[in-house]
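1. okay, structure incoming, though there's no sequence with it:
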């Protein structure tokens, strides 16, 4: 199914879309480089806590741990939104098996 057919069939409600949540989380994590962002933020939080800025350090540490998890949790919605807007992402996620389309 081409991207334009996908958009029109989705708008008309003629297809059922299934998104693998774990696959979507891995895709988003790799695309946004979440581990590379999370590690320095956690390190900064620990450094702040050790240098006397305890509450600020704990807040930054919590943000570094919680933010990637929230991003991964919302990954299926992000994948669907991006697949509807960009044919390159649509091709990537369908080829990877993250986005599965079944006609109704």
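-> Structure received. Quick caveat, the model's predicted, so the values are computed rather than measured. Residues are numbered from 1 along each chain as shown.
2. so how far is residue 75 from residue 12?
-> 26 Å (C-beta to C-beta, to the nearest Å). In this view, the C-beta of every residue, glycine as well, is placed from N, C-alpha and C.
3. so for these two, which sits in the more crowded spot?
-> Counted by other C-beta atoms under 10 Å, residue 12 and residue 75 do not tie: residue 75 has more neighbours, with 24 against 9.
4. and the more buried one, how far is that from residue 26?
-> Taking C-beta to C-beta, one finds residue 75 at 8 Å from residue 26.
5. equivalent analysis for residue 44, please.
-> Separation of residue 44 from residue 26 (C-beta to C-beta): 26 Å.
6. list the buried residues for the lengthiest helix in the chain?
-> When the chain is parsed with DSSP state H, its longest helix is helix 54-73. In terms of neighbour count (16 or more other C-beta atoms under 10 Å), helix 54-73 has its buried residues at 57, 60-61, 64, 68, 71-72.
7. report the two of the residues you listed separated the most.
-> Within those, 57 and 72 form the most distant pair, 23.9 Å apart (C-beta to C-beta).
8. identify the residues contacting the closest residue to residue 28 other than its chain neighbours.
-> Residue nearest to residue 28 in three dimensions, not counting chain neighbours: residue 75, with 4.2 Å by C-beta to C-beta, 6 or more residues apart in numbering. Contact partners of residue 75, counting by C-beta atoms under 8 Å, 6 or more residues apart in numbering, are 21, 24-25, 27-28.
9. got it, and residue 103?
-> Contacts for residue 103 (C-beta under 8 Å, 6+ apart) come out as 9, 14-16.
10. make a PyMOL selection of the buried ones in those.
-> Selecting only the buried entries of those in PyMOL, with 16+ other C-beta under 10 Å as the criterion:
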select buried, resi 9+15
